[in-house]
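Engineer: With the input below, show me the fold.
(one chain, ligands or ions: 5)
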Amino acid sequence: MKKSLFLAFAVLVAVSVFVGVQYQTVAEPAIETSAFAEAAVLGVSNLEMVEKISAEWKTSDKAFAQVSTPITNSPGQREGCTHCHNGMVFASGVHTNGVVGDHMTGLNCQACHTGTGEELMKAGKLNVSMRHFTGTYIKSDFTEGKAGKGALCITCHSGRRDPATNLKGYIAGTNGMAYSHYGQGPIIFGQGAMPIEGVTFKTSSAHASIQDSCVACHMSDTKDGYASHSFKMNKDNVATACGTCHTGAKDFDINGVQTDMYKKLNIVYDEIKKFSGAAEVRTSGSTGFTFHKADGTAIAYKPTPAQYTLMYNWYLVKGDKSKGVHNPQYLKSVLSESYKAVTGKGLW
Ligand code: HEC
Ligand code: HEC
Ligand code: HEC
Ligand code: HEC
Ligand code: HEC
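Structural biologist: Ligands and ions are numbered 1, 2, ... in the order given. Next up, the predicted model:
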């Protein structure tokens, strides 16, 4: 027993030595790759790998189906939501209504590794006939076959809106203020913002050409050599996720882009609070954006079309949650141009 414990310890030390070496040789990706292959060999058995993966998955928001009050209103159960918010509905391909087998499930192993999820990973491209794209502006595979395994993630993280039509409806008075519903996929490919007449947003294809897209950055290998399953970006993986291109990167705030974006998002939020007279702006499914006093009471305010566009695009950039990283040029351009349309001056 003691002997095997000692051996396990020796292996751990060996792994950390390899990891140490790999961090010092960030500028040489060839060495880095072979160090990880070694770590995989030294690291863990298949069972241990699945145990570790399961433990990571449990820390993610994907583990539980999201519920609301009343329970029938839950994204995990409600018509129009389950195909993204309920793992077994997604996997089954029955994207019509309700739950499968009368149970609400989170996004579990089966959601991604069986049925629809498995098919998307294998196909490596979007299937725009899926319900996920109904009512959106997305009519073809905007990744042009570049999604790889990321096609799985992009199908749900696709924003769920048709902003040009939303804006027309808002001006005509036929619909309220929809908010962007988490479109990291389109953003990477330079899409998804509410358009501004006469303006073409800048974009960069740099992060769109990364093989397997989301999966490459968000599921980069752990030190034990398997794909990480917390889905959140992990600072320990900066070298593998970014270092191959951004040599020597120590964190995600490359050239201070995240710090800068955070500041600019706050400037825009201050502007929104200024023109609406609100102390707080909230998002809600049925009414879109709502305005509130400091004590929480709602205020009635009707933004101009340019103000609504600024709010939509501010939430697009904020709700993307990468603080500019996914597509730095696009996210800056969208925020700046929308701000300019309201205030007359840009942000960069
Ligand atoms: C096309 C896929 C898709 C559909 C359809 C969808 N969602 Fe979501 N939803 C997401 C994603 C992806 C996230 C979170 C992404 C993130 O954290 O960046 C999310 C997050 C949320 C959140 C938490 C964040 C917030 O805005 O408060 C709520 C609540 C929510 N969805 C409600 C709903 C409801 C209600 C419906 C149906 C009326 C629905 N969603 C339909 C993909 C979808
Ligand atoms: C079946 C739809 C679906 C698929 C497929 C999907 N997501 Fe999500 N994702 C969601 C929803 C819905 C949420 C919000 C969950 C909640 O708040 O209840 C979410 C949340 C997240 C979050 C933030 C919350 C957290 O703590 O985990 C990340 C990061 C994420 N997803 C990344 C990914 C990546 C990477 C992939 C592909 C490997 C992926 N997602 C595939 C629907 C999906
Ligand atoms: C949101 C989608 C998603 C969920 C949920 C998910 N996986 Fe995965 N899994 C993936 C993707 C994508 C890959 C491929 C990663 C790659 O190729 O880098 C993968 C890879 C794997 C691998 C191979 C790892 C390797 O590096 O060889 C195993 C094993 C695995 N998953 C097990 C699980 C288990 C067990 C669960 C549930 C606890 C689970 N997965 C939940 C998306 C998911
Ligand atoms: C170039 C690498 C890269 C790619 C590709 C990428 N992301 Fe991210 N993502 C990031 C970084 C960096 C952050 C910010 C992490 C931080 O600041 O802690 C982030 C943040 C997020 C967050 C907020 C939760 C978190 O991890 O902090 C979600 C959700 C997310 N990304 C989803 C996606 C989805 C879905 C895709 C594919 C469409 C994707 N990302 C592709 C690098 C990437
Ligand atoms: C496949 C190579 C590649 C990978 C991997 C990659 N990037 Fe990039 N990134 C680029 C290129 C090329 C540019 C410059 C392109 C542009 O902005 O037009 C860039 C630009 C950026 C910028 C803008 C820099 C500035 O000064 O404006 C940030 C921030 C950034 N990347 C963050 C990240 C982070 C964080 C990761 C890892 C999570 C990452 N990148 C992974 C290739 C990559």
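Engineer: T287 touches M177, doesn't it?
Structural biologist: Yes - using C-beta atoms under 8 Å, T287 makes contact with M177 at a distance of 7.4 Å. Any C-beta I mention is one placed from the backbone N, CA and C, and that applies to glycine too.
Engineer: more neighbours, the two?
Structural biologist: M177 (21 against 13; other C-beta atoms under 10 Å).
Engineer: In a strand, I171, correct?
Structural biologist: No - counting by DSSP: H, G, I helix; E, B strand; the rest coil, I171 falls outside a strand, being helix.
Engineer: can you pull the contacts of it?
Structural biologist: Counting by C-beta atoms under 8 Å, 6 or more residues apart in numbering, I171 touches P305.
Engineer: Not counting its neighbours along the chain, what's nearest the closest residue to ligand 4 within the stretch 1-150 of the chain?
Structural biologist: Closest residue of the stretch 1-150 of the chain to ligand 4, C-beta to the nearest ligand atom: G150 (5.3 Å). For G150, ignoring the flanking residues on the chain, the nearest one in space by C-beta to C-beta, 6 or more residues apart in numbering is S213 at 2.8 Å.
Engineer: what's the neighbour count on that neighbour?
Structural biologist: Neighbour count of S213, defined by other C-beta under 10 Å: 26.
Engineer: tell me the helices in the stretch 151-300 of the chain, going along the chain?
Structural biologist: Along the stretch 151-300 of the chain, counting by DSSP state H, counting those that start in this stretch, helices occupy 151-156, 163-172, 184-188, 214-218, 238-241, 257-276.
Engineer: Show me what the longest one is packed up against.
Structural biologist: Based on contacts counted as 3 or more C-beta pairs under 8 Å, 6 or more residues apart in numbering; DSSP states H and E, the elements that helix 257-276 packs against are strand 280-284, helix 305-320, helix 328-343.
Engineer: C245: which of those is closest?
Structural biologist: Among the helices and strands packed on helix 257-276, the nearest to C245 by C-beta to C-beta is helix 328-343 (13.0 Å).
Engineer: who does that closest one touch, helix- and strand-wise?
Structural biologist: Using 3+ C-beta pairs under 8 Å, 6+ apart, helix 328-343 sits against helix 257-276, helix 305-320.
Engineer: what about the shortest one, near ligand 2?
Structural biologist: No - remark: helix 305-320 sits outside contact range of ligand 2, by C-beta under 6 Å from any ligand atom, the gap being at least 11.1 Å.
Engineer: If you average the pLDDT over that helix, what comes out?
Structural biologist: In this model, helix 305-320 carries a mean pLDDT of 98.
Engineer: Next, format the helices and strands packed on helix 328-343 as CSV and append distance to F64 and mean neighbour count.
Structural biologist: Shown next, in CSV, are the helices and strands packed on helix 328-343 (distance: least, C-beta to C-beta, whole Å; neighbours: other C-beta atoms under 10 Å):
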stretch, distance to F64, mean neighbour count
helix 257-276, 28, 16
helix 305-320, 20, 23
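Engineer: Let me know which of those is the nearest to A341.
Structural biologist: Among the helices and strands packed on helix 328-343, helix 305-320 sits nearest to A341 (C-beta to C-beta), with 4.7 Å.
Engineer: returning to what we had before: and of the helices and strands packed on helix 328-343, who's closest to M219?
Structural biologist: Closest to M219 of the helices and strands packed on helix 328-343, according to C-beta to C-beta: helix 305-320, at 18.3 Å.
Engineer: quick one: that closest one to helix 163-172, angle?
Structural biologist: Angle between the axes of helix 305-320 and helix 163-172 is 140 degrees (criterion: axes from the mean of the first three to the mean of the last three C-alpha atoms, to 10 degrees).
Engineer: rewinding a little: which stretch among the helices and strands packed on helix 328-343 comes nearest I299?
Structural biologist: Nearest of those to I299, taken as C-beta to C-beta: helix 257-276 at 7.1 Å.
Engineer: near ligand 5, anything from the closest one?
Structural biologist: Yes - shown here: helix 257-276 in contact with ligand 5 (C-beta under 6 Å from any ligand atom) through V257.
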